[in-house]
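Colleague: below is the sequence, then the predicted model.
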Amino acid sequence: MNSYFTFTVKSTSLDENYQPAEGTRITTNFANLARGEHRQANLRNALNMIEQRFNGLAHWDNAEGNRYSLELEIISVDINVETNSDTFPSIEVLKTTIVDHKTNQCIEGIVGNNFSSYVRDYDFSILLLKHNKSRSEFSIPNNFGELHGKIFKSFVNSDTYQQNFKKLPVICLSVANTKTYVRTGNQHPVLGVEYQANESSLTEQYFKKMGLQVRYFMPPNSVAPLAFYFFGDLLNDYTNLELISTISTMETFQKIYRPEIYNANSMAGDAYQPDLNSSDFALTPIIYDREERSQLANEQGKFTEEHFIKPYQRLLEEWACSYA
């Protein structure tokens, strides 16, 4: 099915000693934390927040709130173009492993969680901006996200993925601040209260081309819904502990990077529109540079254009047309 590309998976522990490797997409949540003079304190505080949240959600048979700890691995996926010996860094996700200190078991969690992609940087920071540069009304280029979506699906369907991971990925993102989310009557013991969006966002459309559907849930003791992107059946394909590993990890990152939404002082109501201009929120003790992150996304989009899109343009177009 795929005679053009193969994939290589590398794993790096995300702990307080983590330092981003060369080639890591440095706008990634965890890589951004691991830079500068506060890097170790940032990582330690973030990991502590994740662990506390995990034990708070997995409260049964856990009276002292310390039964579990969570180990995180950064999964870096390089794409190998078969006409060339070079590889290109395509995707980066997180994998969780749950350590149960009561039973002394290590339980495989979920792969996905965070999602980073150089080609997505190109699509949003380069292609989309070029397309709209001289237009009076915002529009989406034809086939926007098609190549990226097919690369992602090719990876998930590859032998490399099957050999490394037992279940399909779940990606957890912030809700869009341009949409309204309405609370439904559906409630899950771990995922919490379900919300529905009033319309589809550009991110949702982009992830749909990756084969992913989305549902929005506000977990217990959260203040805003999270967007869960998944294949199959989110509520039945994963255990409660697996889902908690994703919630605790990604809600922590969102509290750091989107405190206006996820560390707000008031909870989302029946109809909720996120507000990034709100002043009614608390900051976490973790230091990061939000402006630098947006600048780096543009730089990495240019890097992708120069080292992947342009050199392999004909091959990529040919492959995308033939990929089913």
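Modeller: Structure received.
Colleague: could you find the closest non-adjacent residue to residue 178?
Modeller: Once flanking residues are discounted, residue 178 sits nearest to residue 201: 7.0 Å by Cβ to Cβ, 6 or more residues apart in numbering. C-beta here means a position set from N, CA and C on the backbone, and glycine is covered the same way.
Colleague: how many neighbouring residues does the one you found have?
Modeller: 16 (other Cβ atoms under 10 Å).
Colleague: likewise for residue 208?
Modeller: 15.
Colleague: measure it to residue 116 for me?
Modeller: From residue 208 over to residue 116 the distance is 19 Å, taken as Cβ to Cβ, to the nearest Å.
Colleague: and residue 310, by the same measure?
Modeller: Distance, residue 310 to residue 116, using Cβ to Cβ: 21 Å.
Colleague: if you count neighbours, what's buried in stretch 118-130?
Modeller: 118-128 (16 or more other Cβ atoms under 10 Å).
Colleague: between those, which is closest to residue 281?
Modeller: Checking the buried residues of stretch 118-130 against residue 281 with Cβ to Cβ, the nearest one is residue 124 at 25.6 Å.
Colleague: residue contacts, the closest one?
Modeller: 297, 301 (Cβ atoms under 8 Å, 6 or more residues apart in numbering).
Colleague: for it, give me the pLDDT.
Modeller: On pLDDT, residue 124 comes in at 92.
Colleague: residue 196 contacts residue 214, doesn't it?
Modeller: No - Residue 196 is beyond contact range of residue 214, at 10.2 Å (criterion: Cβ atoms under 8 Å).
Colleague: quick one, which of residue 310 and residue 116 is more surrounded?
Modeller: residue 116 (24 against 10).
Colleague: quick one: the more buried one is in a strand?
Modeller: Yes - assigned with DSSP: H, G, I helix; E, B strand; the rest coil, residue 116 falls within a strand.
Colleague: ok, residues contacting the helix or strand hosting residue 121?
Modeller: Here residue 121 sits within helix 118-122, counting by DSSP states H and E. Identification of contacts with helix 118-122 by Cβ under 8 Å, 6+ apart yields 25, 27, 88-90, 147-148, 151, 206, 297-298, 300-301, 303-305, 308-309.
Colleague: same question, stretch 181-197
Modeller: Counting by Cβ under 8 Å, 6+ apart, 57, 175-176, 179-180, 198, 204, 215-220, 222, 225, 228, 234-235, 240, 243-244, 247, 268-273 sit against stretch 181-197.
Colleague: and if you look at stretch 92-109?
Modeller: 11, 14, 24-25, 28, 30, 54, 61, 66-77, 110-117, 165-166, 169, 171, 241-242, 245-246, 249.
Colleague: what do you get for stretch 6-25?
Modeller: Contacts of stretch 6-25 (Cβ under 8 Å, 6+ apart): 26, 30-31, 34-35, 39-40, 43-44, 47, 71-80, 82, 87, 89-90, 92, 94-95, 116-118, 121, 154-155, 158, 160-161, 164, 300.
Colleague: swap in 6 Å and give it another go.
Modeller: 26, 30-31, 34, 40, 43-44, 72-78, 80, 89, 92, 116, 155, 158, 160, 164 (Cβ atoms under 6 Å, 6 or more residues apart in numbering).
Colleague: go on, stretch 78-89?
Modeller: 4-6, 8, 23, 90, 118, 308, 312.
Colleague: and with 8 Å instead?
Modeller: 3-8, 10, 23-25, 76-77, 90, 118, 151, 155, 307-308, 312, 315.
Colleague: can you name the element that comes right after the lowest-mean-pLDDT helix or strand in the chain?
Modeller: Least confident helix or strand of the chain, by mean pLDDT, DSSP states H and E, is helix 29-33 with a mean of 60. Downstream of helix 29-33, the next assigned helix or strand under DSSP H and E is helix 39-57.
Colleague: buried residues in the helix or strand following that next one?
Modeller: Where DSSP H and E defines the elements, the next helix or strand beyond helix 39-57 is strand 68-81. Across strand 68-81, burial judged by 16+ other Cβ under 10 Å covers 68, 70-79, 81.
Colleague: the helix or strand just after strand 68-81 pairs with which strands, parallel or anti?
Modeller: Downstream of strand 68-81, the next assigned helix or strand under DSSP H and E is strand 87-100. When pairing is defined by DSSP bridges, strand 87-100 lines up against strand 68-81 (antiparallel), strand 105-117 (antiparallel).
Colleague: and residue 168, what is it in contact with?
Modeller: Per Cβ under 8 Å, 6+ apart, neighbours of residue 168: 156, 230-232, 237.
Colleague: which residues in the stretch 101-250 of the chain form helices?
Modeller: 118-122, 128-132, 146-156, 159-164, 202-208, 234-237, 240-257 (DSSP state H, counting those that start in this stretch).
Colleague: not counting sequence-adjacent ones, nearest residue to residue 112?
Modeller: residue 169 (3.2 Å).
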